[in-house]
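**Student:** I would like the atomic coordinates for the input below:
(3 chains)
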Amino acid sequence: MKDPQQTLAAGERAPLAIEAEGLVKKYGGRPVLSVERFEVREGEVLAVLGPNGAGKTTLFRLLALLEQPDSGWIKYAGVPVDVRSLEARRRTAAVFQRPVLFQGSVEDNVALGLRFRRLSSRAAKDKVRSVLELLGVSDLASRDVRSLSGGELQRVALARALAVDPAVLFLDEPTSSLDVHVRRRFREDIRRVTQELGLTVVIITHDHNEALALAHRVAVMHEGRVAQVGTPDEVFLSPATPFVADFTGAETIWRGRVVSCLREICVIRTSDGVMLEAPGELSLGEEAVVVIRPEDVALSLLDGGPGRSGDLADNSDSLGLHAFASGALTPRAGDVLTPRAGDALTPRAGGAGASSVRNRWKGVVDSVAPAGPLVRVVVRLDGSEGGAQASCQARFGGEGEVISLITRASAEELGIAPGKRVMASVKAAALHVIAGRHA
Amino acid sequence: MGWRMSRLFGCFALAALLVLAGCGLAGCGRESGARAGSLPAGKAASSRTELVLASTTSTQDSGLFEVLIPAFEAAYPYRVKVIAAGSGEALKLGETGDADVLLVHSPAAEEVFMQQGFGLERRAVMHNDFVLVGPISDPAGVKDMKDAAAALAAIARAEAPFFSRADQSGTYARELSLWETAGVVPQGDWYKSTGQGMGETLTIADQSGGYTLSDRATYLSKKASLSLEVLVQGDKALLNQYHVITVKKARNLEGARAFLNWIVSPQVQNGVIATFGVEKFGEPLFVPNAGQSG
Amino acid sequence: MAVFWDALKEAVSLLVRGDHYVYEVIWMSLRVAGVATVLGVLVGVPVGAWLGLRKFRGWGVAATFLNVGMMLPPVAVGLFVFLLLSRQGVFGSLNLLYTPAAMTVAEFLIAAPVIGAITMSGVGSVPKEVRLQALGLGASRWQSLWVVLREARVTLLSAVVAGFGAAISEVGAVMMVGGNLSSGGHNLTGTMTTATMMLVRQGKYAEAMAFALILLFIAFLITLALTYLQRGVRRRWLQS
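**Tutor:** The predicted model follows:
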């Protein structure tokens, strides 16, 4: 993805930064949005990600000056603006989720924004032609919009927004009304066009893959608040809250307590009794939530299946994990564990002589479900209590379950099927720990 | 199954409604005219034979029918349906047999009607008179003139607003004969035709501050709501004679005859007609004269 | 039945011959209904559009008023105007009774609610996103309103046509305030509807039929216009 610090494209467009503070919006007395601070940086593509009802569309409308917040302020390029700031609003353009096209031909529609700005008919025609070309829909120019397909409609809607040379482009779930196979193509169009034109883009989406694919930064929203803002890497690999983790697809989420910490590796014991090692700087006894992305979970068959069968004995170079797992030793608060000579304590993957997988658990395959070209396997770990039906935290991969995403080929090769005993393993570095107690 | 039942029910309801409507129009349950005769008075209205009386709007406006008809229905087992229009249309209804008996006041037209054989019997009933009414301001200065035709001529000269019924009514016929007598052809925007009944024409003249020729009965009955005054009256040319005519093509000829005989009978002449209007207006509206002319 | 055919034949010959009274009456009908409809649009469209766009406190009451206005018996409207313009009425001194102006007022009061109610419905059925998208493309508030009206234009046009239809076919109210007056064979305040009624009362069926035929023809034209409006919209879609 291109660096946000990019050169301006030719034209009158000057990059615009949006700032907002203290935004609150209520519908019928109920607050649906409460955002303390929000920023859109010049030239970046910012994705606002969240489930339905999270307040993304409300935020979108407030930032695009289509609705007035109940309190708070918004600034465009440092200048305070609101719903009545027509000139400010005219430096932006919006595309909505369901293509809203007006009666008439494609040309009429694309020219609409220009007509609002009282551009001369000739200049408008030229602009319309060039923007239709940009999106590859020149042949649709004189067609009536009612005869277009969903994908064509969205493309026209995008062209219409681009025709006014906006400094900021607002896209509200631009692909969610499209057929799946059309979605990817359109996403590519968005990426190509916004890069070519160097626009600032705010894109609302509930699809985390879309956010990953298009954005420089991602803001995750939940129940009217911003849960986390950061680069896609930060959000996906280091989610700040269990909600963010869950929403971005990290399906295995465990709660636990820190049992020991040495340098930057901690041992955490989940409420289900599973022991694991993860990087982090936490204090003894602190509560934590551990997040594992399913792609990071490797599976191998136990008891005679093809592939390496593993055993806890392989973990002998860990910090006495084995002993804890069997309950032989129980650490007390205040214990500091000193490494013994010979212990290999490399926390990250790689390095000669270190096994990079510190976390291995035995379990039984609970379910196997196809997920496109991949296969989603749910494994109930030994010694866990009940799994999914156990607690009200079943939203997250139930404590004591781990979810893995492997290729179909591997699944077939290993013969993964419900009931089979497997070993699930994750590199310590792939575990993400969120400190603190979270609901 | 549910929608089919409701569809069926809907069809039945619609059919029943149509049958009812058709019945209402065609007059189902109406007995044929022949039965009548010696049935006792006081029968319920629905089982009475209908008698269609065509008359004029001015007669109806005078309120005479509100007294006359109940009196007749008390004596005879008919249900009288009054159609009020201009004398002209009343006569036309007589031509087609859509009315059984006529009570009109357009002698010239009536004579043509009889000559053409549409009527069986024609008898004089009563007369009232016409009056020339107008605004208190009397722009044409016709108040208390004795000659109606001359008054009209004065109105024409002054081009004061005059409202004419311009329909087939007896009133209009009288107006035209007055203009003829006066030797004036009324022309110009001051002379307006309403084409309507006497009551409406009076209202229009009143609202517009103009003159009009009216039968006394209608004028008196509307006087309270008008600001027009009688300016010319008493001229012989203003007398208005009513006749009753039985229609040859009548569906209820027996009823028609009964009505004719009844209305010229002394009891009705003196009891009903001569007293009508006295209570309300202090003077009778009509003067019965059944015995006088043919 | 013979009466009917005779009347029909005479009616056609009257129309073809160019009887000036007949033409004057036709013109009066068209002109009064036309002006009433224009005034009805000037008042009804903004009110209907405003009610169709926003819900505010008291919206229910206002919308009910409009719908009641549409259902109001025209004869009640006629009485109301008559009383206002009569000598004893508030505007009596203007001497407007029995003039085309009075008829126009009555027809306006009949057409405007029709136009307003249909406009309200049409504008109300334009999806809310339309206005939002217009704003999102840089429309000012008035421009976004124009876009919404444009999207509802078929309904708006049919509102105008319906208003005109209601105005030109009115009998009772027009009769009350107009009086169907003529002078020396020239029409003063007669319309096709009131003239027809009068002529029937006078037994002049042929002339009454002449006007009835024109009215039927106008009704036909109106229906044709409405149908074409709907289909013209579809035809363009098919051609694209």
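
**Student:** residues of the longest helix along chain A that come out buried?
**Tutor:** In chain A, with assignment by DSSP state H, the single longest helix is helix A:180-197. Residues of helix A:180-197 classed as buried by neighbour count (16 or more other C-beta atoms under 10 Å in any protein chain shown): A:Val182, A:Arg183, A:Phe186, A:Arg187, A:Asp189, A:Ile190, A:Arg191, A:Val193, A:Thr194, A:Gln195, A:Leu197. In this view, the C-beta of every residue, glycine as well, is placed from N, C-alpha and C.

**Student:** so the first one touches A:Gly151, yeah?
**Tutor:** I take that to be A:Val182. Yes: A:Val182 is within contact range of A:Gly151, at 4.0 Å (criterion: C-beta atoms under 8 Å).

**Student:** ok so, going back, what is the rounded mean pLDDT of the longest helix of chain A?
**Tutor:** For helix A:180-197, mean pLDDT is 84.

**Student:** Can you list the neighbours in contact with the helix or strand following that helix?
**Tutor:** Next helix or strand after helix A:180-197 toward the C-terminus (DSSP states H and E): strand A:200-205. Strand A:200-205 has contacts (C-beta atoms under 8 Å, 6 or more residues apart in numbering or on different chains) with A:15-18, A:40-49, A:56-57, A:59-60, A:63, A:167-176, A:190, A:194, A:210-211, A:214-215.

**Student:** Mind checking which of these are buried?
**Tutor:** Applying 16+ other C-beta under 10 Å to those, the neighbour count classes A:15-18, A:40-49, A:56-57, A:59-60, A:63, A:167-175, A:190, A:194, A:210-211, A:214-215 as buried.

**Student:** returning to that earlier point: quick one: contacts of the longest helix of chain A?
**Tutor:** Residues from elsewhere that reach helix A:180-197 (C-beta under 8 Å, 6+ apart): A:2, A:9, A:13, A:45, A:134-136, A:150-151, A:154-155, A:158, A:162, A:169, A:171, A:174-175, A:178, A:201, A:203, A:210, A:213-214.

**Student:** Report the distance from it to the chain centre.
**Tutor:** 18 Å (C-alpha atoms, centre = their mean, to the nearest Å).

**Student:** same question, stretch C:73-85
**Tutor:** Worked out by C-alpha atoms, centre = their mean, stretch C:73-85 lies 16 Å from the chain centre.

**Student:** Give me the mean pLDDT for that stretch.
**Tutor:** Throughout stretch C:73-85, pLDDT has a mean value of 93.

**Student:** where do the helices sit along chain A?
**Tutor:** A:56-63, A:86-89, A:106-116, A:121-134, A:150-162, A:180-197, A:208-214, A:232-237, A:242-247, A:321-325, A:408-414.

**Student:** worst average pLDDT in the ones you listed?
**Tutor:** Ranked by mean pLDDT, the helices of chain A bottom out at helix A:321-325, with a mean of 34.

**Student:** Now stretch B:188-205: buried residues?
**Tutor:** Buried residues in stretch B:188-205 (16+ other C-beta under 10 Å): B:190-205.

**Student:** picking up where we left off before, output the helices of chain A in a markdown table, with distance to C:Glu10 appended to each entry.
**Tutor:** Formatted as a markdown table, these follow (distance: least, C-beta to C-beta, whole Å):
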| stretch | distance to C:Glu10 |
| --- | --- |
| helix A:56-63 | 68 |
| helix A:86-89 | 66 |
| helix A:106-116 | 53 |
| helix A:121-134 | 57 |
| helix A:150-162 | 60 |
| helix A:180-197 | 69 |
| helix A:208-214 | 78 |
| helix A:232-237 | 88 |
| helix A:242-247 | 84 |
| helix A:321-325 | 112 |
| helix A:408-414 | 90 |
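
**Student:** who wins for proximity to C:Ala117 among the ones you listed?
**Tutor:** Checking the helices of chain A against C:Ala117 by C-beta to C-beta gives helix A:106-116 as the closest, at 29.4 Å.

**Student:** for the residue nearest the centre of chain C, helix, strand, or coil?
**Tutor:** What sits nearest the mean C-alpha location of chain C, by C-alpha atoms, centre = their mean, is C:Phe164, with 2.5 Å. In three-state terms, and counting by DSSP: H, G, I helix; E, B strand; the rest coil, C:Phe164 is helix.

**Student:** Tell me how far it lies from chain A.
**Tutor:** 24 Å (C-beta to the nearest C-beta, to the nearest Å).

**Student:** Could you pull out the helices in chain B for me?
**Tutor:** Using DSSP H, helices in chain B cover B:2-26, B:57-62, B:64-75, B:87-96, B:107-115, B:148-158, B:170-182, B:198-208, B:216-222, B:253-263, B:266, B:278-281.

**Student:** Just the CA trace of the second one, in PDB.
**Tutor:** Included here for helix B:57-62 are C-alpha records, laid out as PDB according to Å, rounded to 0.1, in the frame of the first residue of the first chain:
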ATOM      1  CA  THR B  57     -90.100  25.400  -9.300                       C
ATOM      2  CA  SER B  58     -91.900  28.600  -8.400                       C
ATOM      3  CA  THR B  59     -94.900  26.600  -7.200                       C
ATOM      4  CA  GLN B  60     -92.700  24.400  -5.200                       C
ATOM      5  CA  ASP B  61     -90.700  27.300  -3.800                       C
ATOM      6  CA  SER B  62     -93.900  28.900  -2.600                       C
END
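
**Student:** quick one on the thing from earlier: mind listing which of the buried ones among the contacts of strand A:200-205 are in strands?
**Tutor:** Under the assignment DSSP state E, the buried ones among the contacts of strand A:200-205 contribute A:Ile18, A:Val40, A:Val45, A:Leu46, A:Ala47, A:Val48, A:Leu49, A:Val168, A:Leu169, A:Phe170, A:Leu171, A:Asp172 to strands.

**Student:** List the contacts of residue 153.
**Tutor:** No chain specified, so I'll use chain A. Residues counted as contacts of A:Leu153 (C-beta under 8 Å, 6+ apart) are A:Pro99, A:Leu101, A:Val145.

**Student:** My question was about chain C, not that one.
**Tutor:** Counting by C-beta under 8 Å, 6+ apart, C:Arg153 touches A:Gln103.

**Student:** I appreciate the help and will end here.
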